[in-house]
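Enquirer: give me the fold of what follows.
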Amino acid sequence: MSNLDQFFAEHRRLRECTVEMAAIARRFDPPDIEELNDARWRFSRSLLRTLTLKDRMIYPRLRLHADPAARSVAERFCQSTAADYERFAAHTKRFPPDVVVRDWRAYAVAVRLRTAEMEDRLDREERELFPLLDDAPRLASVPFSQGTNWAADAWRIRAMLGMDGADERAA
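Expert: Reported below is the predicted structural model:
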């Protein structure tokens, strides 16, 4: 599998999770909280995995691209990733499970907004960013090029969703 195939496969997984979350958000009544938390975790895990891959394997390569326009596009996407992720992180903090149960309609509206943003972002990356990799230098994975520790946020989200018991996290 080429790197581009890997990136598109990650996007397909993230799109599936986005579709699942959008469908849940169109429901008039909230689903069972465990069902919702499982879907939220699948989406979050897929998003964080995709961000890590881009942070380690796409942006570092494109920063070394011979074409200044390609470097500029990559930097624009890299910078917008941070802003987009801040909105996602604020969303997850604003809507812990107890708030979702109390205010389903506000949560559903917010999810529909976030999923539309995600679809747009994925489309733009596939159209504008990924094709630049064809001519980019090949590099090994570069750890934490933006300095973001996506794994730490994954643990925060898992804890908020009640995905781990105290004993499991201590291991």
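Enquirer: E75 is in contact with L129, correct?
Expert: No: when contacts are counted by CB atoms under 8 Å, L129 is not listed as touching E75 (10.9 Å). (Glycine included, C-beta is placed from N, CA and C.)
Enquirer: please say which of those two ends up with more neighbours.
Expert: A count of neighbours by other CB atoms under 10 Å puts L129 above the other of L129 and E75, at 21 against 13.
Enquirer: check contacts around the closest residue to the more buried one other than its chain neighbours.
Expert: Among residues not flanking L129 along the chain, F77 sits closest, at 5.2 Å (CB to CB, 6 or more residues apart in numbering). Residues near F77 by CB atoms under 8 Å, 6 or more residues apart in numbering: 59, 124-125, 128-129.
Enquirer: next one: F77 from L4, what distance?
Expert: 15 Å (CB to CB, to the nearest Å).
Enquirer: so what pLDDT did the residue nearest in space to the middle of the chain get?
Expert: Of all residues in the chain, the one closest to the mean position by CA atoms, centre = their mean is L47, 2.4 Å from it. What the model reports as pLDDT for L47 is 94.
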